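Chemist: got a structure for you, letters missing:
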């Protein structure tokens, strides 16, 4: 491998590389003013920061919901700057948005099916659904139930399950704990950690619940006012006095 | 008693037409959030195409469906792509005004081309069946059967095909539909095309049963509102139930209220609309999505 010759370990090469991006909703006003981050395969990376720091905008920029005015996004060695949602999907990125993103009148099974909307091979979809239902036995019990009638935690689980349908290389999770009770939040974080260990799921997440988010993360970034402010391993950030004072409540 | 059963039969048959007539209106509203005030005009256009083909070329009116559906599908696709798409993300009021303008243009253009003279369409199936003392016109039976076939077909399409699922998905959660890779603009254009085609087919069905004229649209749009209020947005069983309720109410009033009967028909739609909106704004029979969700 060329990487080995150059002295670079293949697995250390980033899967996602966001290079100094500027982006925003209006042409004359940038929310992101030079944000850089990267995610390596099989990592969980957490982005934290106060409200309005631009955390969600990073995801929207990756998923083509806002325009990237400057900088580059590289994924799997390809330039995907300004990709539309379909392009991001095809490249292998799926997203679990912060707001409810299920089809409430469809069954659990149909929701999973929609996670592979772009796949035409029905046998493959079926195999994938069986795999996901195996991974989440709770969803299997409720396969025929309408998604909108499940509890908040179960709905979040289904959203994550649906994001995995596509066999993504990277899953973006926008505040997986949002709107959930503390016990459920714990279960969801445990679940994400388990998926990471068991199937090597690579996750980039944004979390308001910074402490718990960092606890399961390999690395983290602190954003403030649309710029990088700190970065380090999950443990380093949890123990850094500045980060603790400013973002973890002392 | 015979008068009552006769009225009930007539009401149910009228309801079958109303059910098909309302589907396009209610699905466009449910999926795209657009209230199509030109709805009745598309029924009228469908009826005129049927009249034209049967008068000029001697076609059996019901057979004109094979022209009406594809032609109006294309018209619907083009309209959504060129016009509705431009206003879809703006407030309700804008699309209301655009479709209201469209309704005036279509009705008046029809009047200029075909004059305001009411037209009738003759079908070969003009006889009656007799069941006891009740007479059942064959034409209206065909309309009812066609309505049931169309509704079952639409149900199967929405429930089981990939395109149908993408339409339901876009209706239930637009953002979620985008993130699983559904091209919203394409789904909207197809939805609009299917709905306009269905609406025009309702015109084909009604043409042999009553005179058609350029300004027959607005009362139909109003009835579509009343039925949708009962049915819930995009609900096919709801459309059938709502259509039959309105059909029954109209026919029963026309039969049993002397003098003013027929004119009260349109008033009854108003009354139903107001009563349902006040007492059960989420509709009586459920729908494409929970009330208030968008």
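Modeler: Everything's here; your move. From a predicted model like this one, the values you see are computed outputs, not experimental measurements.
Chemist: which regions of the stretch 151-294 of chain B sit below the pLDDT cut-off?
Modeler: Low-confidence segments of the stretch 151-294 of chain B, defined by pLDDT under 70: B:259-265, B:281-294.
Chemist: tell me which parts of it are close to chain A?
Modeler: B:162, B:165-166, B:168-169, B:172-173, B:175-183, B:288-290, B:293 (Cβ under 8 Å from any Cβ of the partner chain). C-beta here means a position set from N, CA and C on the backbone, and glycine is covered the same way.
Chemist: can you pull out the helices in the stretch 101-250 of chain B?
Modeler: Per DSSP state H, counting those that start in this stretch, the stretch 101-250 of chain B carries helices over the ranges B:138-160, B:162-172, B:174-179, B:184-206, B:217-231, B:236-256.
Chemist: chain A now?
Modeler: Assigned by DSSP state H, the helices in chain A fall at A:2-5, A:55-62, A:85-91, A:108-114, A:122-135, A:137-141, A:152-165, A:182-199, A:210-215, A:234-239, A:241-247.
Chemist: between the ones you listed, which gets nearest to residue B:202?
Modeler: helix A:108-114 (29.4 Å; Cβ to Cβ).
Chemist: for the closest one, the distance to its chain's centre please.
Modeler: Remark: helix A:108-114 is offset 20 Å from the chain centroid, using Cα atoms, centre = their mean, to the nearest Å.
Chemist: just the buried residues of that helix, please?
Modeler: A:108-114 (16 or more other Cβ atoms under 10 Å in any protein chain shown).
Chemist: ok, stretch A:122-130 next?
Modeler: Buried, per 16+ other Cβ under 10 Å, within stretch A:122-130: A:125, A:128-129.
Chemist: neighbouring contacts of it?
Modeler: If you take Cβ atoms under 8 Å, 6 or more residues apart in numbering or on different chains as the criterion, stretch A:122-130 is touched by A:109, A:112-113, A:116, A:119, A:165, A:167.
Chemist: from those residues, which is closest to residue A:239?
Modeler: Using Cβ to Cβ, those come closest to residue A:239 at residue A:167, 35.8 Å.
Chemist: backbone dihedrals for that closest one, please?
Modeler: Main-chain dihedrals, residue A:167, degrees, to the nearest 10: phi 50, psi 60.
Chemist: what's the closest non-adjacent residue to it?
Modeler: residue A:128 (7.2 Å; Cβ to Cβ, 6 or more residues apart in numbering or on different chains).
Chemist: got it, and residue B:162?
Modeler: residue A:117 (7.6 Å).
Chemist: pop out the phi and psi values for that neighbour.
Modeler: phi -50, psi -40.
Chemist: could you report the neighbour count for residue 132?
Modeler: Let's take chain A. 22 (other Cβ atoms under 10 Å in any protein chain shown).
Chemist: think we crossed wires, I meant chain B
Modeler: With other Cβ under 10 Å as criterion, residue B:132 counts 8.
Chemist: tell me which residues touch the closest residue to it other than its chain neighbours, please.
Modeler: Spatially, and ignoring its direct neighbours in sequence, residue B:132 is nearest to residue B:2 (7.4 Å; Cβ to Cβ, 6+ apart). Applying Cβ under 8 Å, 6+ apart to residue B:2 gives the contacts B:132-134.
Chemist: what's the answer for residue B:65, then?
Modeler: Contacts of residue B:65 by Cβ under 8 Å, 6+ apart are B:201, B:204.
Chemist: what about the host helix or strand of it, average pLDDT?
Modeler: Here residue B:65 sits within helix B:65-79, counting by DSSP states H and E. For helix B:65-79, mean pLDDT rounds to 97.
Chemist: buried residues in stretch B:266-280?
Modeler: In stretch B:266-280, counting by 16+ other Cβ under 10 Å, buried: B:268-269, B:272-273, B:276.
Chemist: what is the nearest of those residues to chain A?
Modeler: Nearest to chain A, judged by Cβ to the nearest Cβ, of the buried residues of stretch B:266-280 is residue B:276 at 21.1 Å.
Chemist: skipping adjacent residues, who's closest to the closest one in space?
Modeler: Using Cβ to Cβ, 6+ apart and skipping residues adjacent in sequence, the residue nearest residue B:276 is residue B:229, 4.4 Å away.
Chemist: what about the one you found, neighbour count?
Modeler: Neighbour tally, residue B:229, other Cβ under 10 Å: 23.
Chemist: can you check residue B:120 too?
Modeler: That count, for residue B:120 with other Cβ under 10 Å as the rule, works out to 12.
Chemist: do residue A:220 as well
Modeler: Counted by other Cβ under 10 Å, the residues lying close to residue A:220 total 27.
Chemist: ditto for residue B:4
Modeler: 12.
Chemist: so for whichever strand or helix holds it, mean pLDDT?
Modeler: Taking DSSP H and E as the definition, residue B:4 sits inside helix B:2-32. Regarding helix B:2-32, the rounded mean pLDDT is 92.
Chemist: quick one: distance of it to the chain centre.
Modeler: Distance, centroid of helix B:2-32 to centroid of chain: 8 Å (Cα atoms, centre = their mean).
Chemist: list the buried residues in whichever helix or strand comes after it.
Modeler: Scanning forward in sequence from helix B:2-32 by DSSP H and E, the next helix or strand is helix B:39-56. Within helix B:39-56, the residues that qualify as buried are B:39-54, counting by 16+ other Cβ under 10 Å.
Chemist: with stretch A:86-97 instead?
Modeler: Residues of stretch A:86-97 classed as buried by neighbour count (16+ other Cβ under 10 Å): A:86, A:88-89, A:91-97.
Chemist: including distance to residue A:150, could those residues go into CSV?
Modeler: As requested, those are exported to CSV (distance: Cβ to Cβ, whole Å):
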residue, distance to residue A:150
A:86, 28
A:88, 27
A:89, 25
A:91, 30
A:92, 28
A:93, 26
A:94, 20
A:95, 20
A:96, 15
A:97, 17
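Chemist: and chain B, which of those reach it?
Modeler: Answer for those near chain B (Cβ under 8 Å from any Cβ): A:86, A:89, A:94-95, A:97.
Chemist: out of those residues, which comes closest to residue B:24?
Modeler: Closest to residue B:24, out of all of those and judged by Cβ to Cβ, is residue A:86, at 28.3 Å.
Chemist: centroid residue for chain A?
Modeler: In chain A, the centroid-proximal residue (Cα atoms, centre = their mean) is residue A:172; its distance is 1.6 Å.
Chemist: dump the residue contacts of that residue.
Modeler: Contacts of residue A:172 (Cβ under 8 Å, 6+ apart): A:59, A:62-63, A:93-96, A:203-205.
Chemist: what's the answer for residue A:166, then?
Modeler: The contact partners of residue A:166, taken as Cβ under 8 Å, 6+ apart, are A:89, A:92, A:94, A:115-116, A:118-119.
Chemist: any chance of those residues in TSV, plus pLDDT?
Modeler: Below are the contacts of residue A:166 laid out as TSV (pLDDT from 0 to 100):
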residue	pLDDT
A:89	92
A:92	94
A:94	94
A:115	95
A:116	95
A:118	93
A:119	92
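Chemist: surely residue A:19 and residue A:75 touch.
Modeler: No - with contact defined as Cβ atoms under 8 Å, residue A:19 does not reach residue A:75; the gap is 11.6 Å.
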